[in-house]
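Visitor: Sharing a sequence plus its predicted fold:
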Amino acid sequence: MKRQIQIIFVTLLTSFSFFAQETKVAKANSQYDNLAYVDAIKTYEKIVAKGYKSVNLFQKLGDSYYFNANLLEANKWYNELFVLNEKVAPEYYYRYSQTLKATGDYTKANQFLDKFYELAGNDLRGKYYSEQKNYKEIIAKNSGRYEIKATEVNTKAFEYGPYKYGDKVLFSTSRDSIGYAKIKTKWTGLSFTNLYAADLSEDGSLVKPKRFSNKLNSKFHEDTPVFTKDLKTVYFTRNNYNDRKVGKSADKLILIKLYKATLEGEEWTNVKELPFNSDDFSTAHPALSPDEKTLYFATNRPGTTGQSDLYKVAILGNDTYGEPVKLTGGINTEGRETFPYVNENNELYFASDGHQGLGGLDIFMAKLDENGMPTKAVNVGEPVNSPQDDFALIIDATTKKGFFTSNRAGGKGLDDIYSFIENKPLEMDYKHDLEGAITDLETNQVIPGATVTLFDDKFNTVATTTADENGNYNFKNIDAGKKYYVRSEKEDYDTVETPILIPNKAGKTQLPIKKGKKVKEIKVGTDLAKTFDIKIIYFDLDKSNIRKDAALELEKILDVMQQNPTLKIDVRSHTDCRQTADYNMKLSERRAKSTIAWLVKNGISKTRLTGKGYGESQLTNDCGCEPTNNSSCSEEQHQQNRRSEFIIVSMN
């Protein structure tokens, strides 16, 4: 009986302990769900100290540190998660890989990225990793371009989001929580951030920081301002707080929104939120296009790809805006894209943990096209990027000086602001498509089945393909900004080799190719210049001696006459209308004679050649100049009239 009582007592103690732990877990989960990460961490860690373990516990404990940008502590708890050897969502393979990078263990990080891609192959983060497994080498190519140093405004608190404002630099800071009894956010345990301004001295240092504006600062968060060029309008981020009233989401959370204010005299007034905000999602970190007609921002609104995406919206004037549009170009991933900044050269800088980086948030740059949409994103490299979070970069496109934020090791506080000078431009490494159709020179009919080879500028083979049934060929994802040669080969047709310079940007270039038949049908009246696509026999200006490039074209005429010894041709030289009619007649006559002399010199009997200059008397278009010698025609139109003809007059 006594033994039974002891067993019951032990069971009751065990049940009570289990119930107590479950109660603490429920409390911690509630704190976590309300984004009270600091409180959640304290509660979770007390539970762990009692020996309690679970997938959910380690996930949320790791996340509480992860979302507070403490990747090293997050790594500790994600490691415990995977030690359990139980099934977890693919997202945790990615988050764990990010924290492994923060510890410098890139080998293990890549192993977990491989597993993430296996489990979530459609996720852009996994796709980008699979396409750039050598991301460390790619990042290294753009590393070493910056000189950086910590600024003087850093404290033990948060300092982040710098913005150049005249001769000052604005930034956000939570320093007011140090030594004061201030309202604190449950997310970080520190006070809400305020906007501060520091003087920018001639040597680039930041001095005398102080609060920027009581009208813009509130008792909640303010950060990441952007100003119009006249410094009279500001867009900035603030918690959902209007007219001293707090707005909450359906989940009772105070999210963040974009606001606008205007300067009247020395006071910021007319503070209002932008109309595309919502109580139920966050909108933050504004950036202006150079023409100030477009506002870029980060948001987690419905329709985003991941945790936060970059969007743009048209500024229509009179406090009206277009519909927000998500940025294309593969910029947005299932991770975080945030803190956009656009400089004078239409270069978009932003932070992301979805594109491959060194760990945490890395800073990337993408050029904006004519529609304000980004092209390929490129990691800006070390030392701006580090294994920790790096974000909120601004740069002057002229001086190449700027600032950014990082929580890297060796800093003074939680987030610190660093200044930098860029000593070398970023190499963008764009990819491009080259395509076109192959057609018959004379009939314009498509030529299917031609072999098309792409060579680099040293004639090394890059790729080979075969034209399809419609004569089309395509080389995808070739390196942009380089010169190539395209060779097309087809039985019964001449081999054609065409040089092409691919522009240094993402996109597509068309290169149509016309091929002449090896065996060409000729008869009396045929113009050999058209048969061999000789557009013009070039002479130096006002001269009649044969140039080297003209001799290459005349070689084609010479070859035909050598293969057909009874062939006789009439050489006809034409000019455009510029200069006087008498001058052009004499010039074309000299050129016809020079052409005949060259053929005779190279072995063609003079009896097989006749020739005459026609000057401007037989124009092919309406580009006449008489009697004024002036014409509004383009150079291309005049060139159509500057031509040489080689007409077959006899084949017997």
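Guide: Now that the structure is in, tell me what you want to look at.

Visitor: which residues make contact with the host helix or strand of Glu137 from outside it?
Guide: Secondary structure from DSSP states H and E places Glu137 in helix 135-141. Contact with helix 135-141 is made by 106, 129, 132, 356-358, 379, 381-382, 385, 427, 429, as judged by C-beta atoms under 8 Å, 6 or more residues apart in numbering. Quick note: C-beta positions are derived from backbone N, CA and C, even for glycine.

Visitor: Would you point out the most distant pair within those residues?
Guide: Maximum pairwise distance among the contacts of helix 135-141 (C-beta to C-beta): 21.9 Å, between Tyr106 and Glu427.

Visitor: Same drill for the two, tell me which one is more crowded.
Guide: Taking other C-beta atoms under 10 Å, Tyr106 and Glu427 do not tie; Tyr106 has more neighbours (17 against 14).

Visitor: Would you report the backbone torsion angles of that one?
Guide: Tyr106 adopts backbone torsions of phi -70, psi -30, taken as degrees, to the nearest 10.

Visitor: just checking, it touches Leu100?
Guide: Yes: using C-beta atoms under 8 Å, Tyr106 is in contact with Leu100, at 7.5 Å.

Visitor: so Leu558 sits in a helix?
Guide: Yes: under DSSP: H, G, I helix; E, B strand; the rest coil, Leu558 falls within a helix.

Visitor: That one: what's it in contact with?
Guide: By C-beta under 8 Å, 6+ apart, the neighbours of Leu558 are 599, 602-604.

Visitor: Tell me which stretches of the stretch 251-400 of the chain form helices.
Guide: Assigned helices in the stretch 251-400 of the chain: none (criterion: DSSP state H, counting those that start in this stretch).

Visitor: Mind giving me the PyMOL select for the contacts of Leu558, buried ones only?
Guide: Only the buried members of the contacts of Leu558 enter the following PyMOL selection, criterion being 16 or more other C-beta atoms under 10 Å:
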select buried, resi 599+604
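
Visitor: I'd like the contacts of Leu558 as a markdown table, with pLDDT appended.
Guide: As requested, the contacts of Leu558 are exported to a markdown table (pLDDT from 0 to 100):
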| residue | pLDDT |
| --- | --- |
| Leu599 | 92 |
| Asn602 | 92 |
| Gly603 | 94 |
| Ile604 | 94 |
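
Visitor: Could you pull up the residues touching Lys87?
Guide: Taking C-beta under 8 Å, 6+ apart, we find Lys87 in contact with Val55.

Visitor: can you confirm it is in a strand?
Guide: No: secondary structure of Lys87 (three-state DSSP): coil, not part of a strand.

Visitor: Distance check, it against Tyr129.
Guide: 22 Å (C-beta to C-beta, to the nearest Å).

Visitor: Pull up the distance across stretch 162-176, start to finish.
Guide: 18 Å (C-alpha to C-alpha, to the nearest Å).

Visitor: Check which residues of that stretch are buried.
Guide: 162-165, 168-176.

Visitor: any idea which of those residues is least confident?
Guide: Within those, Asp176 has the lowest pLDDT, namely 79.

Visitor: That one reaches Tyr196, doesn't it?
Guide: No: Asp176 is beyond contact range of Tyr196, at 9.5 Å (criterion: C-beta under 8 Å).

Visitor: Tell me which helix or strand Leu434 sits in.
Guide: For Leu434, the host element (DSSP H and E) is strand 431-440.

Visitor: ugh, wrong one, I meant Tyr484
Guide: strand 483-489.

Visitor: what's that strand packed up against?
Guide: The elements that strand 483-489 packs onto, with contact taken as 3 or more C-beta pairs under 8 Å, 6 or more residues apart in numbering; DSSP states H and E, are strand 431-440, strand 451-455, strand 496-501, strand 513-515.

Visitor: now those strands as TSV including distance to Lys568, mean pLDDT and mean neighbour count?
Guide: Listed next are the helices and strands packed on strand 483-489 as TSV, based on distance: least, C-beta to C-beta, whole Å; pLDDT from 0 to 100; neighbours: other C-beta atoms under 10 Å:
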stretch	distance to Lys568	mean pLDDT	mean neighbour count
strand 431-440	28	92	18
strand 451-455	38	95	19
strand 496-501	29	90	14
strand 513-515	28	91	19
